[in-house]
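**Q** just coords:
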């Protein structure tokens, strides 16, 4: 049985589906994952065949074990031979601001956090913020073959 927060997110998220369809992205998959556990989340993936790009939304409800009260948005570019390059909006925004190799901590202020006390309004606000970014800062990457590789710090480099 789906978490009630996930059901609400899914309902509110459906209102954005037409936006993605109009941008050439079509719903490829949507599902609750790990239902009934502390790892439960909702994943929705859109794919643009012409651009060979995918955008994935993951909603982590307040009962999550490690990640909670957050929407994550990631992009992947998949070329004709199956090579995948990926990034997410917080990494993109941190790189745009800092213009250097990105650490995990650099992305925290760009997370799409959901306030569980104002759940519906907060989800709507975060979805609006995401759509706004797709229409401005990420427009070229979202709507064209344009791509950016963001250098990311790997903690294994420290050893």
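**A** The structure has been received and is ready for your questions. Everything numeric here is computed off the predicted structure, so don't read it as measured data. Residues are numbered from 1 along each chain as shown.
**Q** Does the residue lying closest to residue 106 once chain neighbours are set aside lie in a helix or a strand, and which?
**A** Nearest residue to residue 106 in three dimensions, chain neighbours excluded: residue 94, at 4.1 Å (CB to CB, 6 or more residues apart in numbering). (Glycine included, C-beta is placed from N, CA and C.) In the assignment (DSSP states H and E), residue 94 maps to helix 89-98.
**Q** Please point out which parts of that helix sit buried.
**A** By neighbour count on 16 or more other CB atoms under 10 Å, the buried set for helix 89-98 is 89, 90, 91, 92, 93, 94, 95.
**Q** of those, closest to residue 23?
**A** residue 89 (15.4 Å; CB to CB).
**Q** State the next helix or strand along the chain beyond the helix holding residue 94.
**A** Next in line after helix 89-98, if elements are assigned by DSSP H and E, sits helix 104-107.
**Q** Just the mean pLDDT for that next one, thanks.
**A** The average pLDDT within helix 104-107 is 93.
**Q** quick one: contacts of that helix?
**A** 88, 90, 91, 93, 94, 98, 153 (CB atoms under 8 Å, 6 or more residues apart in numbering).
**Q** Could I get the contacting residues of the second one?
**A** Looking back up the chat, that one is residue 90. Residue 90 neighbours (CB under 8 Å, 6+ apart): 107, 108, 110, 111.
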